[in-house]
Structure formats: structure tokens, C-alpha cells
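[1] When you get a sec, could you give me coordinates for this:
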Amino acid sequence: MNKFTIVKAENLKAKPDSDHLGFGQYFTDHMLVMDYTEGKGWHDPSIVPYGPIALDPSAMVFHYGQEVFEGMKAYKTAEGQFSLFRPDMNLKRLNISCERMSIPQVDPELLLDGITQLVSLDKDWIPEGEDTSLYIRPFIIATEPCLGVRAAKQYKLLVILSPVGSYYPEGIHPVSIFVEDEYVRAVRGGTGMAKTSGNYASGIRAQEIAKLEGFSQVLWLDGVEKKYIEEVGSMNVFFKIGGEVITPELSGSILAGVTRDSVMTLLRSWGIQVIERKISVDELFEAAREGKLEEAFGTGTAAVISPIGTMKWGEEQIAVAGGQTGEISKKLYDSITGIQKGVLEDPFGWRNIIV
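    Numbering: from 1, shown residues only. This is a model prediction of the structure:
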């Protein structure tokens with residue numbers, strides 16, 4: 001039974017040029033909305049025309065940052081079908097983030113049903129060009145008007161859609177990375193394992209400085225010893241050293257990426273060992289000096305795979321894979337995007353077809 005009230009937009013927007021989408025600059029005709037009230041639970045799920053929302057100036061999200069979000073994508077497959085990629089993982093992580101931020105959890109089946117209906121309604125917005133997709137952004141904000149420091153009693157869940165191209169202008173080409181050893185992104189026991197806006201706001205200053213120095217992103221170190229590698233930009237990170245693929249272990253300050261999990265699954269299916277452990281920036285640069293650092297790449301929903309071509313730490317700068325896209329990075333990118341778009345078989349059941 002359809003639990004969502006659907007109100008269709010009377011005036012549809014002009015579609016953007018699929019060759020010049022950028023990332024997150026255009027939005028479709030509709031959005032999903034659902035409210036939460038203490039004692040009533042989540043209620044009034046609906047799909048309505050995309051537009052502004054009204055909030056009280058004292059809404060608690062503005063003052064205490066109770067907010068979580070997710071990022072997922074929809075694709076048009078080679079057979080002309082429409083699909084989502086591992087949405088169950090994203091909705092599971094959304095509820096993990098909710099728990100950490102003291103936000104009421106959402107029924108994942110109900111939300112997936114709503115997202116499916118929303119994407120189906122706006123399916124004409126799904127671009128077909130290379131490296132394009134329809135980005136899906138579910139998010140929850142605390143809407144109760146109150147200045148008391150506590151968990152809110154009212155929330156609003158929304159899902160908006162945006163046709164996107166490559167997250168980085170470089171696309172699958174290698175990016176330059178600056179090792180950040182002053183600012184920190186998160187600490188164990190904090191909110192690093194949750195997908196919440198404050199984690200990203202705290203990293204913007206370091207990213208701005210890195211870009212002024214000519215780097216695409218920063219490599220984050222742990223917040224205690226400033227020694228162990230955690231993430232690169234807003235992505236998980238992998239290194240191939242001496243034939244082994246290493247990624248930082250999930251210690252409570254690192255987000256459990258859906259693409260991270262997909263990468264590890266693919267690598268292991270290819271017989272490539274993947275090790276989850278602490279890796280220090282000293283070890284990484286020593287491996288580069290010894291010629292053992294073969295590849296480095298970030299993984300995330302937005303960029304999928306982002307190869308790292310150069311890294312700078314202090315006064316030392318190293319090149320990775322000769323500054324070129326590595327063999328594993330390219331194979332992973334082609335495999336994941338191939339599964340997403342239905343070009344390759346889906347042996348893991350990751351593709352969720354939208355009827």
C-alpha cells in the first residue's frame with residue numbers, strides 16, 4: 001500500500017545540460033518530506049514539489065546541530081532500467097548516525113519505498129552521460145523551536161535529488177593531496193563515525209588552505225596523536241604497499257563508507273588481500289621513499305574512486321604511481337560504475353532496480 005501522499009508539480013523545470021552538470025548545483029521537480037513528533041512518531045510522509053521549507057528561527061538544528069544526512073545515487077542502466085546502488089547500506093548507516101546524534105530512527109523499508117517513488121517520479125532527470133548520475137540526499141533536521149540544550153522533540157526528514165557529473169573536475173585522473181597535521185576532522189568517541197554536517201564544517205578551513213596551496217584535498221590524521229591516517233577529504237582512503245592493499249580500520253572516528261565496503265568486497269573477490277589496520281603517515285612516506293607505495297586512492301559515493309597522484313607532508317612531496325591512475329584504481333572504478341549502470345554483471349546483488 002502506498003503510504004506517501006503525492007502532489008505533483010504543476011510547472012516543471014528545464015533540464016540542465018548533462019555535459020555541464022557539476023555537482024549538486026541543480027535540483028529536480030519534487031522532494032520527499034516526513035515529520036516526527038514525540039509521542040506520534042514519524043508521520044505524514046509525502047512527495048511534493050521541490051521548494052523552500054519554513055522553520056522557526058529557534059529551530060534546534062540552527063543552535064545545536066542535530067542533523068544527519070546520507071548520499072546515494074540512481075542510474076539509468078544499459079537496458080534502460082533505473083536502479084539504486086546498495087540503498088540498504090545507506091539507510092542502515094542513516095540510522096546509525098541517528099542513534100549517535102539522538103535523532104529518532106526511521107523505518108528503512110518505508111524510506112526506501114518513498115525514495116523509489118520519488119526517483120521514479122523524477123526519472124527523466126537521471127542523466128545518461130559518462131560519469132553522470134542522479135544524486136540522492138536524504139537528511140533529517142531538528143525542527144522544535146527551543147533553546148534548551150537537549151534532544152529535540154520534533155524533526156523533519158527530507159530527500160532531494162540532483163543530477164550530477166564528476167565530483168572532482170579531474171574525474172578519474174589523479175588528485176594532489178596535502179597532509180593536514182594541524183586541524184583535525186574527528187576523534188574517537190566523537191561524531192566521526194556519523195554522517196552529520198558538523199564533521200564537514202570543521203574540515204572546510206583546512207580544505208580552503210590546501211586549495212590555496214594548489215592541492216585538491218587534505219589527508220586527515222587522527223585527532224589525538226596526529227600520526228595515523230584516517231580519511232582523505234570526505235572519503236575513505238586505500239594504499240597499495242608492497243603488493244598489499246591497506247585501509248585505516250574503523251575505530252569510531254572514521255565513516256563506514258558504502259563504497260569502501262564495495263571496494264574491499266571486489267578486491268577480495270579478485271584474490272587481492274585487504275588489510276584494515278592503523279597506518280601512520282611516517283610509514284606511508286617511508287614506503288614511498290623505498291619505492292613500495294604502488295597506489296593510493298579515495299573512495300566515496302560522490303567520486304566513486306579518486307586516485308591520488310601526489311602528496312605533500314611538511315616539506316616533503318611524493319608522487320604515487322608516477323602521478324598516473326593506478327591499475328587497481330582504474331579497475332575498481334570501471335567495475336563499480338559498470339555494475340551501477342548495468343554494463344557489468346552484478347554478482348553481489350548490489351543493484352536495486354526501480355520498477
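[2] in a strand, that's where Ile305 is, yeah?
    Yes - Ile305: assigned to a strand according to DSSP: H, G, I helix; E, B strand; the rest coil.
[3] partner residues bridging it?
    Thr299 (DSSP bridges).
[4] Can you report how many residues neighbour it?
    25 (other CB atoms under 10 Å). Every C-beta, even on glycine, is put in place using the N, C-alpha and C of the backbone.
[5] Touching, it and Glu295? I think so.
    No - shown here, Ile305 and Glu295 do not form a contact pair, counting by CB atoms under 8 Å, at 10.5 Å.
[6] Now list whatever residues contact both of these two.
    By the contact definition CB atoms under 8 Å, 6 or more residues apart in numbering, Ile305 and Glu295 are jointly contacted by Ser329.
[7] where along the stretch 201-350 of the chain do the strands fall?
    Here the stretch 201-350 of the chain has its strands, by DSSP state E, counting those that start in this stretch, at 217-221, 229-232, 236-241, 244-247, 274-276, 293-300, 304-313, 316-319.
[8] the helices in this protein, which residues?
    Along the chain, the segments classed as helices by DSSP state H run 60-64, 87-100, 108-121, 197-201, 204-212, 258-269, 281-289, 327-340.
[9] Mind putting the strands of the stretch 201-350 of the chain into JSON lines with mean pLDDT and distance to Tyr135?
    Shown next, in JSON lines, are the strands of the stretch 201-350 of the chain (pLDDT from 0 to 100; distance: least, CB to CB, whole Å):
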{"stretch": "strand 217-221", "mean pLDDT": "96", "distance to Tyr135": "19"}
{"stretch": "strand 229-232", "mean pLDDT": "96", "distance to Tyr135": "20"}
{"stretch": "strand 236-241", "mean pLDDT": "98", "distance to Tyr135": "18"}
{"stretch": "strand 244-247", "mean pLDDT": "97", "distance to Tyr135": "24"}
{"stretch": "strand 274-276", "mean pLDDT": "97", "distance to Tyr135": "27"}
{"stretch": "strand 293-300", "mean pLDDT": "97", "distance to Tyr135": "12"}
{"stretch": "strand 304-313", "mean pLDDT": "95", "distance to Tyr135": "12"}
{"stretch": "strand 316-319", "mean pLDDT": "95", "distance to Tyr135": "32"}
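[10] so where's the stretch 1-150 of the chain uncertain?
    Applying pLDDT under 70 to the stretch 1-150 of the chain picks out residues 1-2.
[11] just to revisit the earlier point, the strands of the stretch 201-350 of the chain: which one's closest to Leu55?
    strand 293-300 (29.1 Å; CB to CB).
[12] Make a markdown table out of the strands of the stretch 201-350 of the chain and add distance to Leu267.
    Converted to a markdown table, the strands of the stretch 201-350 of the chain look like this (distance: least, CB to CB, whole Å):
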| stretch | distance to Leu267 |
| --- | --- |
| strand 217-221 | 21 |
| strand 229-232 | 18 |
| strand 236-241 | 9 |
| strand 244-247 | 6 |
| strand 274-276 | 5 |
| strand 293-300 | 11 |
| strand 304-313 | 12 |
| strand 316-319 | 23 |
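[13] Identify whichever of these lies nearest to Tyr168.
    For those, proximity to Tyr168 was assessed by CB to CB; strand 304-313 is nearest, at 6.0 Å.
[14] Tell me which of the strands of the stretch 201-350 of the chain sits nearest to Val68.
    So among the strands of the stretch 201-350 of the chain, strand 293-300 is nearest, using CB to CB, at 16.8 Å.
[15] okay, the angle between that closest one and strand 304-313?
    Strand 293-300 runs at 130 degrees relative to strand 304-313, counting by axes from the mean of the first three to the mean of the last three CA atoms, to 10 degrees.
[16] what sits up against strand 293-300?
    In this structure, residues lying in contact with strand 293-300 by CB under 8 Å, 6+ apart are 71, 167, 217, 231-243, 257, 259-260, 262-263, 284, 287, 305-308, 311, 318, 320-321, 326-329, 332.
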